[in-house]
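Chemist: One predicted model, sequence on top.
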Amino acid sequence: MVRGKKPACYDQQPVDAASIAFACLEAYQSIGGQHYLDLAHRAHRWFHGENIHGLSLYDETTGGCFDALTPAGVNLNQGAESLLAYLLCEQHAAKYVQKDQPAALEQSS
C-alpha cells in the first residue's frame, strides 16, 4: 500500500478473509460486542459469494476452495492453503453461529 493511495482491491485471497474472521472472533471473545461477531460472519460469507463479484469461492463439486478473486472473477486453482483457510473459517463460524446466533446460519445458507 502506498501512502495517500487507495488500497488495492485485488487479488482477494481466502487466507485474508479467514484471518479477518479469526481476528474478529478473537475480539468478540476478548471484549465482547455484537459488532465483532457480525464482522466475523461477514468475512465468513465472503467465501459463499458475499464479495465484490458475488461469486462463491467454495466449489461444491470438488469440495475445494478457489485460490483468489481477481478482476476477472475467481482464480480456478484450488490449493491446500485456500482449502485450509476455508475449512478453519467454516469450523469457527459454525461454533459461534450455534452458540450465539442460531438464526444466522439459516440466513447465510
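Modeler: Sure thing, it's come through. Quick caveat, the model's predicted, so the values are computed rather than measured.

Chemist: Every contact and neighbour count from this point should use C-alpha atoms.
Modeler: OK.

Chemist: where are the low-confidence patches of the protein?
Modeler: Along the chain, segments meeting pLDDT under 70 span 1, 97-109.

Chemist: Could I get the full set of helices for it?
Modeler: 14-31, 34-46, 80-100, 102-108 (DSSP state H).

Chemist: Off-centre distance for the second one?
Modeler: In this case it means helix 34-46. 8 Å (C-alpha atoms, centre = their mean, to the nearest Å).

Chemist: And the contacts of it?
Modeler: The contact list for helix 34-46 (C-alpha atoms under 8 Å, 6 or more residues apart in numbering) reads 17-18, 20-25, 27-28, 50-51, 56, 89-90, 93, 108.

Chemist: from these, which would you call buried?
Modeler: 17-18, 20-22, 24-25, 27-28, 50-51, 56, 89-90, 93 (16 or more other C-alpha atoms under 10 Å).

Chemist: quick one on the thing from earlier: most tightly packed of the helices of the chain?
Modeler: The highest average neighbour count among the helices of the chain, using mean count of other C-alpha atoms under 10 Å, belongs to helix 34-46 at a mean of 20.
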